[in-house]
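Novice: need a structure here:
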Amino acid sequence: MFPIRFQCREVDGLMNQERIYKTMRNAGAGSIAAGIVIAATGLAAGIVSIVIGAILLKRKSEIEF
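Specialist: As a prediction, this is how the structure comes out:
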């Protein structure tokens with residue numbers, strides 16, 4: 001009976017390692033996806049800021065006080 005229990009522990013250990021591997025893989029993929037979304041958002045915000053600044057500078061002469 002002891003060898004069967006030992007084999008179950010080994011199988012459980014392998015299953016736990018596989019779970020950890022899959023969890024780490026999913027966490028890594030999620031981090032990469034979040035990084036891409038954040039970078040794209042930052043790039044879009046920067047472009048919008050540049051365009052708005054250029055428009056303001058272009059229309060600077062139209063301002064009357």
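Novice: which stretches in the chain count as helices?
Specialist: Counting by DSSP state H, one finds helices in the chain at the ranges 2-58.
Novice: what about it, any weak spots by pLDDT?
Specialist: Along the chain, the parts satisfying pLDDT under 70 run over 1-13.
Novice: most centrally placed residue in it?
Specialist: What sits nearest the mean C-alpha location of the chain, by Cα atoms, centre = their mean, is Ala34, with 1.9 Å.
Novice: so how far is Ala27 from it?
Specialist: Distance from Ala34 to Ala27, counting by Cβ to Cβ, to the nearest Å: 10 Å. (C-beta placed from N, C-alpha, C; glycine too.)
Novice: with Ala54 instead?
Specialist: Applying Cβ to Cβ, the value for Ala54 to Ala27 is 41 Å.
Novice: next one: Ile52
Specialist: Look at Ile52 and Ala27: by Cβ to Cβ, they are 37 Å apart.
Novice: tally of neighbours for Arg25?
Specialist: 10 (other Cβ atoms under 10 Å).
Novice: measure it to Gly42 for me?
Specialist: To Gly42, Arg25 is 26 Å away according to Cβ to Cβ.
Novice: repeat for Ala34
Specialist: 12 Å.
Novice: now do Ala27
Specialist: Look at Ala27 and Gly42: by Cβ to Cβ, they are 22 Å apart.
Novice: likewise Lys58?
Specialist: To Gly42, Lys58 is 25 Å away according to Cβ to Cβ.
Novice: check Asn26 too.
Specialist: 24 Å.
Novice: cool, Leu57 as well?
Specialist: Distance check for Leu57 against Gly42: by Cβ to Cβ, it reads 23 Å.
Novice: cool, and Ala33?
Specialist: For Ala33, the distance to Gly42 (Cβ to Cβ) stands at 15 Å.
Novice: now do Ile32
Specialist: Ile32 sits 16 Å away from Gly42 when distances are taken as Cβ to Cβ.
Novice: same check on Leu14?
Specialist: Distance of Leu14 to Gly42, given as Cβ to Cβ: 42 Å.
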